[in-house]
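>>> can't give you the sequence, but here's the structure:
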DNA sequence: AGGGATCACAACCCGCCTTC
DNA sequence: GAAGGCGGGTTGTGATCCCT
């Protein structure tokens, strides 16, 4: 295939259709009309000799060829975007861009209220999108220019290709409902293990940080409720006898009474992660510094 | 009804040729 | 070599058709 005969803008259209699963939606984000996207797709189809997308109900599903193409295309476009951005100064007052962050809802609750007021004050035309990305996809999305920063629990040796900086440290505490009889005494290990626990995890199964720590101590707690979102903690804990082991900052934020754990709390460190690529982007580095300052 | 494909038309781009 | 005119090709738009 002769590259000079291909309009490389077709790859931008390809990426938009793949991302949004719709020609109409792609036309909206590219600020061109639906026929223009349809026409561009027709040209790319001729170049590739493949349908690339087929209609399935109201969605455009990628063919196997399109699925094979999307990774390299995203990577190439990410590098082009980066090369065009390199060396450009970031002026928050006039800048207009969207920052994409990956973090769990618990981290959002702790970090975003602290840093977003300053982001909107300094950079009124910038937008922040926060959503959780699977750990295994973070590096790929950062390389493709689809993710700027990620905040996650520090794990030794994780993702050696990512750069990181400690964001905040905390300790775990045991949260119970107001008036819980446990609040009138000191919580010992027997009392802790006798409790029914609420465990929050985005995964369907597997041990949590605390469970792994207890395992090392040779004991096991009783998890009777497992849920995905920390939003559930406040309403559930306040109406039941359940206990939850949470970071102290979050316990304070929820306004629930809490007790120190009857064993040395494992260290909880949240790290801020970014890619080599983002390290060259003055805008991302500006946001990184702002987040670090806001949670100090 | 929503959304992709197609058509006719207009605007723009680019290569080629001519003139200076 | 630079500038201008011409013609063909490409791409975007609105309108409309047709499929799911």
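Great, that's in hand. Computed from a prediction, not measured in an experiment: that's the story for all the values here.
>>> Without its sequence neighbours, what residue ends up closest to the residue of the stretch 101-250 of chain A at minimum distance from DNA strand B?
Residue nearest to DNA strand B within the stretch 101-250 of chain A (Cβ to the nearest atom of the strand): residue A:146, separated by 20.8 Å. In short, each C-beta sits where N, CA and C put it, glycine included. Nearest residue to residue A:146 in three dimensions, chain neighbours excluded: residue A:100, at 6.5 Å (Cβ to Cβ, 6 or more residues apart in numbering).
>>> For the one you found, grab the count of nearby residues.
20 (other Cβ atoms under 10 Å).
>>> so where's chain A uncertain?
For chain A, the stretches flagged by pLDDT under 70 are A:1-5, A:82-88, A:144, A:155-161.
>>> so what are the domain limits for it?
Following automatic domain parsing, one gets these domains for chain A: A:3-85, A:98-163+A:272-294, A:172-266.
>>> if we can go back for a sec, any idea how far whichever strand or helix holds the residue nearest to residue A:146 is from the chain center?
Per DSSP states H and E: residue A:100 is located in strand A:98-102. A distance of 8 Å separates the centroid of the chain from that of strand A:98-102, by Cα atoms, centre = their mean, to the nearest Å.
>>> just stretch A:97-115 next, same as before
With Cα atoms, centre = their mean, you get 8 Å for stretch A:97-115.
>>> same thing with stretch A:38-54?
Put simply, stretch A:38-54 sits 33 Å off its chain's centre (Cα atoms, centre = their mean).
>>> mind listing what's buried in that stretch?
Of the residues in stretch A:38-54, A:40-41, A:44, A:48, A:52-53 count as buried by neighbour count, 16 or more other Cβ atoms under 10 Å.
>>> just stretch A:66-78 next, same as before
A:66, A:69-70, A:73-74, A:77-78.
>>> Likewise for stretch A:272-292?
Per 16+ other Cβ under 10 Å, stretch A:272-292 contains these buried residues: A:272-275, A:277-278, A:281, A:283-288, A:290-291.
>>> Contacts for the strand holding residue A:100, please.
A:119, A:126-133, A:138, A:141, A:146-152, A:283-284, A:287 (Cβ atoms under 8 Å, 6 or more residues apart in numbering).
>>> Could you do stretch A:255-264 as well?
A:172-178, A:180, A:182-183, A:186-189, A:191-192, A:213-214, A:217, A:233-234, A:237-238, A:245-246, A:248, A:251.
>>> repeat that for 7 Å
Residues from elsewhere that reach stretch A:255-264, judged by Cβ atoms under 7 Å, 6 or more residues apart in numbering: A:172-176, A:178, A:182-183, A:187-189, A:192, A:217, A:234, A:237-238, A:251.
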